[in-house]
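Visitor: Test case, fold it:
(chains A, B and C)
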Amino acid sequence: MTALLALSNVSKRFRGLIAVDGVSFTVPQGAMFAVIGSNGAGKTTLFNMIAGAMKPDGGAIVFAGQGVHGLTADAVCRRGIARTFQIVRPFPGLSVEDNVIIGALLHRPDVTAARGHAHELLRRLDLFDKRHRIASTLTLPDRKRLEMARALATGPRLLLLDEVMAGLRPTETDRMVAILKALNAEGLTILLIEHVMRAVMALASHVLVLDHGVAIAEGSPEQVARDPAVVQSYLGVETV
Amino acid sequence: MMARLTAGVTRRSAIPLALLLAALLAAPWLVNDYLLTMLIIILYFGYAGQAWNIMMGFAGQLSLGHALYLGLGGYVAATLFTRFGIGPWLGFAVAIPVASAAGAIIGFLAFRFRVAGIYFAILTIAFAEFARIGFDNWDYVHASSGLFVPVKQYAHNNPWLLRGDPTMFYYVILGATVLLFVLCHFLVRSRVGYFWLAIREDETAARAAGIDTFRYKMIAVVVSAAMTSFAGVFYAFFYNNLFPEQVFSIFRSVEIILGPIIGGIGTLFGPILGAFVLKGLAEALSSVMTAFGIDLPGVTQVFYGVCLLIVVVALPDGVWPPLARLLGIGRSKP
Amino acid sequence: MPLEVYLNVAIGGVLTGLVYGLMALGLSVIFGVVRVVNFAHGEMMTVAMFLAVVLCTALHVDPLVLLVPIAAVLFVFGYALQRGLINVFITRPEHSQFLLLVALAIIITNTLLIIFGPDARTVETAYGFDSFQFGGIIVDAAKAYAGAAAILFAAALFVFFRFTLIGKAIRAGADNHTGALVVGLDVKRLYALTFGLGAACVGAAGTMMTLLVDATPLLGPSYTLLAFVIVITGGLGSMPGALIGGVLIGLTEALAGLLFTPSAKSMFAFAILVLVLLFRPQGILGKRLA
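Guide: Numbering: from 1, shown residues only, chains lettered A, B, ... in the order given. This next block holds a predicted model:
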């Protein structure tokens, strides 16, 4: 497998605090790659740097053979990396359909074509019947899927999901897992950041564990779960 | 072309729209000169409000300094006419790049330096004030003593020079208002329009969806400024005079935006409806005052303020959205 | 021109600027806590100015005596306004708030116009033509009193916010709205108090302003703009920032009036505003807003 995304020695400081400290990893093409870690481990900072919302202080982020570190969020998206937000933010006053059309218009300048593509995605994500609803009136699981539909509509090669399972009930989580598996099976590379361990272990092909801004383990879910450092610093804390 | 023009217009809204247009076209035969002049002023505000709405209603950028673009349009056209005999349409062609450049400068500074929200609004006021003070001291345009477009008795209406009777001015501003309406109808249903709405709703999310927000905000400012400049050209030739103190004043900017806010921000009918409501209100109030024999300066204005207050308290989204629901005309916000 | 001329004008500008600063302080306090931009600020100040003019003439007293009573009247006005009208608009979009306050400004200006007509009114004081002389430097007595009163009033307000329980509660509400609700603060009442205090600043500033300029109903909008310029320059939400901004703008206006033409003075004030917006958007003393 070739690497789609490669981070080398990426760092970010806030004032004195080192949020991400020299993190390196590669996400292979077609992977379902999970980054886990406790609160404050630097997951969201890492995520924001990949998505272009923050500039790294050092290191390189290479996507599909080109450096994307320091690009703006919109430029990163146009290169083929789409994201969701930890606290969902669909366009609140617009209809579900319009939300997704906006994403689809990125590579399909014709509105009719964009609407067609949007409908396809809405059907896949079980939102087609709600396409005329105003986004702000949807429930949280629906808004999460709407945001995913908008991200997918931009035609990404890599999908970044920030705690997409958080706040979902078990049945909703299973639904989301099924959707992600199906997308991944079609060849979409996915990078998820999760706090919820259980879902990730069942889903991910690769796992990276962050602790206080440092990558302490990387490998298959089984390998990581058995790693003593992980057990001590992360799982230990979680299960106590 | 016709098919595209009517795309998105439901049958239910097509009939009232056609009736309205027919009534507006027939107006010069139906009303007297006084009412016609009122209609001209209403359409002028409808036009200017629509132009402002591109920036605020669609792209979410609150400008409180649109008098700048209006004044620039007026001064460019009037100066070219009085100094060089160049007609107002050519003047408009020159005013477009001038106003666009002004908008682009403000937009560039604001969006590059991340001046947003209320700060952006204040920045737009500041630039309009610069223009007011600058023109007030600029002798080439007769500074504070004002620029006058010569009024001669024209035997025939000359639409090319915008010299003629109210009927001619009426059709000119009606045409402009309809054209701008159609333009906005297309814009808001186009790729640019969708991107504007995205920026208005949530700029960070818009960027995450790959939208170059700087670029599309710039387009909104430039289009809005260019379109507003025509309102200035019309103003100059309709009123035949320009004073920096009046055209560039903050009052002018506020006057432009009251209509769309009252009518419904971000809607196509809002600006025009708002202009009708506001002007109708002002006229009705002053006739009531006259009927009661009250002739104090300010009384009408106080009632006007009170009515504004009531409208804004009672109808937070403006008059059009609830009215559209009442008439059963589709979605009000695109 | 001799140096004394510049110094005289500069001192006059600074003293006027202190009164500007107090007016702007009202705007800043209101925005800092209630998060509503008071577009009727200058209009509220003209109300205070006319109150001062009428009462001074009727009671034959000095404006400085009326400072506190007029501030109190404006406090009540501001409190009632926030409680009755503006509170509903706190969660509405900016343009909606703008329209509400513009409507209010129209009502205020034209009510004053009905009552007093468009002519300028002045206050006669015993010290109207007095001045203090220090060597070659001459300071207008009226300006000196106005500036001193502005400092005193601002200091009193500062003490209130710093050391009283209510003042601390208001600042807590400004820092963290939800937090204030959680610990059981009556945010509605605090907002009304804040608006009242902002209006009281305007009341005091307006009273003193009658010592400096003639009152006309149409002064409102230009003072609203001036208050914006000052507050953004000093830092929106910062109390000392408003005073420093006021002094800076007062000084700029005075010197620009001397060196160029009086009509260009607001040009310089706006130029400062634009520079601040671009290069230090949080203002001279403000914290950067998220």
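
Visitor: burial count for the closest residue to C:S222 other than its chain neighbours?
Guide: In space, and not counting its chain neighbours, C:S222 is closest to C:G42: 6.6 Å by C-beta to C-beta, 6 or more residues apart in numbering or on different chains. To be clear about C-beta, it is placed using only N, CA and C from the backbone, and glycine gets the same treatment. C:G42 has 25 neighbours, counted by other C-beta atoms under 10 Å in any protein chain shown.

Visitor: and C:G42, what is it in contact with?
Guide: C:105, C:219-227 (C-beta atoms under 8 Å, 6 or more residues apart in numbering or on different chains).

Visitor: ok, and for the strand or helix carrying it, which residues are buried?
Guide: Using DSSP states H and E, C:G42 sits in helix C:41-59. For helix C:41-59, burial by neighbour count (16 or more other C-beta atoms under 10 Å in any protein chain shown) applies to C:41-56.

Visitor: which parts of the longest helix along chain B are buried?
Guide: Longest helix in chain B, counting residues (DSSP state H): helix B:213-239. Neighbour-count burial for helix B:213-239 flags B:213-214, B:216-238 (criterion: 16+ other C-beta under 10 Å).

Visitor: Could you list every helix and strand in contact with the helix or strand that contains C:S222?
Guide: In this assignment (DSSP H and E), C:S222 forms part of helix C:220-234. Secondary-structure packing of helix C:220-234 (3 or more C-beta pairs under 8 Å, 6 or more residues apart in numbering or on different chains; DSSP states H and E): helix B:117-136, helix B:250-263, helix C:3-34, helix C:41-59, helix C:94-116, helix C:239-259, helix C:265-279.

Visitor: Now tabulate those in CSV and tack on mean pLDDT.
Guide: Listed next are the helices and strands packed on helix C:220-234 as CSV, based on pLDDT from 0 to 100:
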stretch, mean pLDDT
helix B:117-136, 89
helix B:250-263, 89
helix C:3-34, 90
helix C:41-59, 93
helix C:94-116, 90
helix C:239-259, 90
helix C:265-279, 85
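
Visitor: how about TSV for those helices, with distance to A:A75 added?
Guide: Formatted as TSV, those follow (distance: least, C-beta to C-beta, whole Å):
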stretch	distance to A:A75
helix B:117-136	23
helix B:250-263	33
helix C:3-34	35
helix C:41-59	42
helix C:94-116	29
helix C:239-259	36
helix C:265-279	24
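
Visitor: Tell me if I'm right that A:P90 and A:R143 touch.
Guide: Yes. In terms of C-beta atoms under 8 Å, A:P90 counts as a neighbour of A:R143; the distance is 5.6 Å.

Visitor: In terms of neighbours, single out the busier of the two.
Guide: Neighbour comparison, A:P90 and A:R143: the larger count goes to A:P90, with 28 against 20 (by other C-beta under 10 Å).

Visitor: Contacts only, for the nearest residue to the more buried one once chain neighbours are set aside.
Guide: Using C-beta to C-beta, 6+ apart and skipping the chain neighbours, the partner closest in space to A:P90 is A:A135 (4.2 Å). By C-beta under 8 Å, 6+ apart, the residues touching A:A135 are A:90-96, A:99, A:143, A:146.

Visitor: And A:S24, what's its pLDDT?
Guide: The model reports A:S24 with a pLDDT of 91.

Visitor: A:G93: how many residues sit nearby?
Guide: Neighbours of A:G93 (other C-beta under 10 Å): 15.

Visitor: For chain C, see how far away it is.
Guide: Distance, A:G93 to chain C, using C-beta to the nearest C-beta, to the nearest Å: 10 Å.

Visitor: I'd guessed that residue sits against A:T137; true?
Guide: No. A:G93 is beyond contact range of A:T137, at 10.4 Å (criterion: C-beta under 8 Å).

Visitor: List the residues that contact C:F158.
Guide: C:M239.

Visitor: Report the contact partners of the closest residue to A:S95 other than its chain neighbours.
Guide: Leaving aside its chain neighbours, A:S95 sits nearest to A:H132 (5.5 Å; criterion: C-beta to C-beta, 6+ apart). Contacts for A:H132 (C-beta under 8 Å, 6+ apart) come out as A:95-97.

Visitor: Looks to me like A:H132 is in a strand.
Guide: No. Counting by DSSP: H, G, I helix; E, B strand; the rest coil, A:H132 is not part of a strand but coil.

Visitor: if I look at it, how far off is chain C?
Guide: 23 Å.

Visitor: Give me the phi and psi for that residue.
Guide: Reported as degrees, to the nearest 10, the phi and psi values for A:H132 are phi -90, psi 0.

Visitor: before we move on, what about C:S238?
Guide: phi -100, psi 120.
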